[in-house]
Every structure is written in structure tokens, then in C-alpha cells.
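Colleague: got a predicted model here, sequence first, then my questions.
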Amino acid sequence: MTTAANSTPRLLAPEALAAIATIAQAPMREGHDVRILRDGALTFPAMLALIRAAKRGVCFENFIFANDGTGERFAKALESAAARGASVRVLYDPMGTLLVRGGSIARRLKRSRVRARAFRPVGALAPWSWLHLRHRDHRKLLIGDQLGAVVGGLCVADNWAPAERGGGGWRDTAVMVRGPAVADLQLAFERMWHRARATARVADQDTRLTMELPRAAPAPVPKGDATVVVVGDRPGTRRVAAMYAWLADHAEQTIELSDAYMIAPRPVTQALLGAARRGVRVRLLLPGRNNHPIAGLAARRMYAPLLDAGVEIHEWDGVMLHAKTVVVDGAISMIGSSNLDPLSLHRNYELNVLVADLATGARMRDLFAQDLALASPITPVEWRRRPRWARLAEWLAGWFEWNL
């Protein structure tokens, strides 16, 4: 079934938005200004500007806060904000930072007025800490004065810095939101801040912090026309997987999805297959070269049934595609930290923003089209002709997919 060109997509109907809010288990908020941010070239300056403009408080949360040139720029901005009297809190995942050279720069912040907290650190002298080894904080969030927030897939490390400035030039997407949903993102941060405190090895002197900033700051007011809901996920809830499946089941015209490690669970895969079979144009943009090769091989195990159903698959020709986005019928867009893999969908803490807005959807579709111009299509004929060693590698990788 398709929607007439001049009619409102059914996904924007009140009953559809109510269903989305029910899956997200979060309120649907109206009145937002939404800005899509492509790569570190646009995202990092926007984040730094938000930090530098903050007068009351900054809440910063990221899976990787690296001790490199990019991390240094952010550390200086956060220290400056604290020095001028803003309440600055930094939440980082120590396991995530093990993935980059130099460790985390967040430790340096503890020597300043910045309150830096590690999420569930693992220690040899605390064997119980290993029970939560897989339950990591994979979220990427920045809030300035509770007036603006940035959510996306970018970690704070040189991999995401522009190549022309010496960075890795990874492809990624974030979104800046201004409006009432910023208060929901603030609440999401507060909950993670408390989870981190509950497992911290060293007591923090600040026992009054929890909701001081939200009470002191004015409530975010409407800034635009976009409707927004925060889609958070934590171990066991599977909200993001349910959201992807529901959107695919209710798509009428197009699904345009970008993902770094697409090892989707069966309900999501079946929903995408069903959408393609009933005539929805389903297009996937996935990495051509993956920074986690086993994950890339495991993802390719899923190509054959998708291609047979009519799904179009394109592989990014650049260094690394790390974006986690979807736009459905040009009406519903979701941007955030959740990959379509078992770690994100079942084990990690994740954070995404879903935007119900035709203007935002149009910008996301334009961005997707630009990306496809820099990607290579995978055809069913080409895929069936791939060498046997490739098929064997994909099969072997599939044995590890639950741990990816």
C-alpha cells in the first residue's frame, strides 16, 4: 500500500505516534528545532559551541573519551566551563576507551572542577565488577544548560575528526535538539549518573547533585515544529529492536537505513524482508571495510535473503561507516547510538532520538542519497558469485555473532 503524494504519511497520524511512544516508553513531545549533523566536521564544532555557551551546567556522556587531540579540545572546553562556574559532569565508559590508544582523558578532568565518573569500572581487586562487563554505557549525549542537546553515534576521539585535520574521517551522524525533549534527555543522563555512582569504587563527595541542575534551569520551551521522542535502551528492554520492527511493519513507501554492525535479530530481519516483499523500497547502507572485521563478516551472512527479497544493499567506499540512522517514508527519522547488533540491542545502555517531521525526514533522505553516491551497490548476481573462501569466512563469523 502506498500513500498519495500530497497526503500526510500514516506514520505521522496520532495513532501511529501514540504507538511509537508506547514502544519507546517515553512521552512524545512537540515543538522542537532539529539540526542534523554530519560527521565530526559539523558535530564537534556544534558540541564545543554548546559547551562554551553553557552558563549553568554541562552534562557529557560518551562511550569513548580519548586522550588524543580531539579529546584534548573537549577536555579544555569542559574545564573552562567549570572554571567559569558551570556545573560540569562527565560520564564515560572505561571499557570503551580501551579500544583507542592513550586511554581516557577523563581521568585528567578529575584534577579540575569537572566531576568525572567512570561507568562500571572493572578492577582486579573487585571481582564482582566483572559481572557487568558486557553491560556498557554505549550512549553519546551532550546537554548544555538544559536548553540544547546533541545525540548520535560519534565518540570523542580522533577517528571521528576530519581527515583533512589529521583525523580518521569516519562517517557518522548526530542530531542537535532544542525544545521540550531536552528535559527527557536530562532525565536519561541523571539515571545513568546514578547507575554509575551505585557501582563506583570510590565515593564521590557530591551527594546533592542529582536533580539540582534540572530544578535550577528553566524548563525547555518549544523551539520549532518537529515532534520528538527519546528512545532509550538498557539490558533486557529491547525497545530499539521493537521500534525498528514496528517501523518496518508499518512502512508504506521507503526505508533507508545506515548501520555499522548490522547483525539484526530475527524480528527486525523478518520485518525488513516483509516490507520489501510488499513493495516498500528498502535500502541499506553498510560498511565496505569494517573496523571490527568479524562483525562485518557476520553481517554479510544476512545479505543473501535480504537481496532475494528485493532489499537494496550498498557498501560504503570510505574509511568506516559508523552511523546508526533510519528514515521511514520520509516522515520518521531515528538517530543515535544503537547498532543493529546483539551488544546494542540486548546488552548495552543506548540512547536515540526519534523525530516525526517531514522537513527532518527530507534532510535525512538527502543525506542518505549523498552517502549512496559514495557507496557501491551489491547485486544478487554479484553476491552469488563471491568466492568460497568468503562464504567460509562469513559462516565462521556467524558462530560469534551473539558476542558482537
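Modeller: Looks like it came in fine.

Colleague: and the closest residue in space to Glu312 that isn't next to it in sequence, which of the three is it?
Modeller: Sequence neighbours aside, Arg283 is the residue nearest to Glu312 in space, at 4.5 Å (criterion: Cβ to Cβ, 6 or more residues apart in numbering). Placement of C-beta: from N, CA and C, glycine included. Of the three states, Arg283 takes strand according to DSSP: H, G, I helix; E, B strand; the rest coil.

Colleague: top helix in this protein by residue count?
Modeller: helix 181-198 (DSSP state H).

Colleague: now it: buried residues?
Modeller: 181-186, 188-190, 192-193, 195-197 (16 or more other Cβ atoms under 10 Å).

Colleague: after the strand ranked longest in the chain comes which helix or strand?
Modeller: If you go by DSSP state E, the chain has its longest strand at strand 29-38. Note on strand 29-38: by DSSP states H and E, the next helix or strand toward the C-terminus is helix 39-53.

Colleague: between strand 29-38 and that following helix, find me the angle.
Modeller: Interaxial angle, helix 39-53 versus strand 29-38 (axes from the mean of the first three to the mean of the last three Cα atoms, to 10 degrees): 130 degrees.

Colleague: following element in sequence after helix 39-53, please.
Modeller: By DSSP H and E, the next helix or strand past helix 39-53 is strand 57-62.

Colleague: so what touches that next one?
Modeller: The contact list for strand 57-62 (Cβ atoms under 8 Å, 6 or more residues apart in numbering) reads 50-51, 74, 78, 81, 86-93, 96, 137, 139-146, 155-156, 186, 189, 192-193, 213, 216-217.

Colleague: for ChimeraX, what selects the buried ones among those residues?
Modeller: Buried members of the contacts of strand 57-62, defined by 16+ other Cβ under 10 Å, are picked up in ChimeraX with:
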select :50,51,74,78,81,86,87,88,89,90,91,92,93,96,137,139,140,141,142,143,144,145,146,155,156,186,189,192,193,213,217
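
Colleague: ok, Thr70 touching Gly167?
Modeller: Yes. Between Thr70 and Gly167 there is a contact under Cβ atoms under 8 Å: 7.0 Å.

Colleague: find residues that contact each of those two.
Modeller: 40, 158, 160-161.

Colleague: CSV for the residues you listed, including distance to Leu345 and secondary structure?
Modeller: Shown next, in CSV, are the shared contacts of Thr70 and Gly167 (distance: Cβ to Cβ, whole Å; DSSP: H, G, I helix; E, B strand; the rest coil):
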residue, distance to Leu345, secondary structure
Gly40, 25, helix
Asp158, 28, helix
Trp160, 23, helix
Ala161, 28, coil
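
Colleague: would you turn the residues you listed into a markdown table with pLDDT and distance to Phe400?
Modeller: Output for the shared contacts of Thr70 and Gly167, formatted as a markdown table (pLDDT from 0 to 100; distance: Cβ to Cβ, whole Å):
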| residue | pLDDT | distance to Phe400 |
| --- | --- | --- |
| Gly40 | 97 | 30 |
| Asp158 | 95 | 28 |
| Trp160 | 96 | 26 |
| Ala161 | 96 | 30 |
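
Colleague: which two from those end up farthest apart in space?
Modeller: Gly40 and Asp158 (9.0 Å; Cβ to Cβ).

Colleague: which of those two has more neighbours?
Modeller: Gly40 (28 against 22; other Cβ atoms under 10 Å).

Colleague: distance between the longest helix of the chain and the chain's centre?
Modeller: Offset of helix 181-198 from its chain centre (Cα atoms, centre = their mean, to the nearest Å): 16 Å.

Colleague: and the angle for it with strand 29-38?
Modeller: 70 degrees.

Colleague: now the angle from helix 181-198 to strand 57-62?
Modeller: Going by the same axes, to 10 degrees, helix 181-198 makes 70 degrees with strand 57-62.

Colleague: then helix 181-198 to PDB, C-alphas only?
Modeller: Provided in PDB are the C-alpha atoms of helix 181-198 (Å, rounded to 0.1, in the frame of the first residue of the first chain):
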ATOM      1  CA  ALA A 181      12.500  16.700  24.900                       C
ATOM      2  CA  VAL A 182      15.800  18.100  26.200                       C
ATOM      3  CA  ALA A 183      14.300  17.600  29.700                       C
ATOM      4  CA  ASP A 184      13.800  13.900  28.900                       C
ATOM      5  CA  LEU A 185      17.400  13.600  27.800                       C
ATOM      6  CA  GLN A 186      18.400  15.300  31.000                       C
ATOM      7  CA  LEU A 187      16.400  12.700  33.000                       C
ATOM      8  CA  ALA A 188      18.100  10.000  30.900                       C
ATOM      9  CA  PHE A 189      21.500  11.400  31.900                       C
ATOM     10  CA  GLU A 190      20.500  11.600  35.600                       C
ATOM     11  CA  ARG A 191      19.600   7.900  35.600                       C
ATOM     12  CA  MET A 192      22.900   6.800  34.100                       C
ATOM     13  CA  TRP A 193      24.800   9.100  36.500                       C
ATOM     14  CA  HIS A 194      23.100   7.300  39.400                       C
ATOM     15  CA  ARG A 195      23.800   3.900  37.900                       C
ATOM     16  CA  ALA A 196      27.500   4.800  37.700                       C
ATOM     17  CA  ARG A 197      27.600   6.000  41.200                       C
ATOM     18  CA  ALA A 198      26.000   2.800  42.500                       C
END
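
Colleague: and that helix, average pLDDT?
Modeller: Averaging pLDDT along helix 181-198 yields 92.

Colleague: likewise for stretch 345-354?
Modeller: Rounded mean pLDDT across stretch 345-354 is 94.

Colleague: kindly export that stretch (C-alpha atoms) in CSV.
Modeller: Extracted in CSV, the C-alpha atoms of stretch 345-354 (Å, rounded to 0.1, in the frame of the first residue of the first chain):
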residue,chain,number,x,y,z
LEU,A,345,20.0,-4.4,21.3
HIS,A,346,20.4,-6.8,24.2
ARG,A,347,23.3,-5.8,26.5
ASN,A,348,24.3,-2.2,26.3
TYR,A,349,22.8,1.1,27.5
GLU,A,350,21.8,3.1,24.4
LEU,A,351,20.2,6.4,23.5
ASN,A,352,18.5,7.6,20.4
VAL,A,353,16.2,10.4,19.3
LEU,A,354,13.2,9.7,17.0
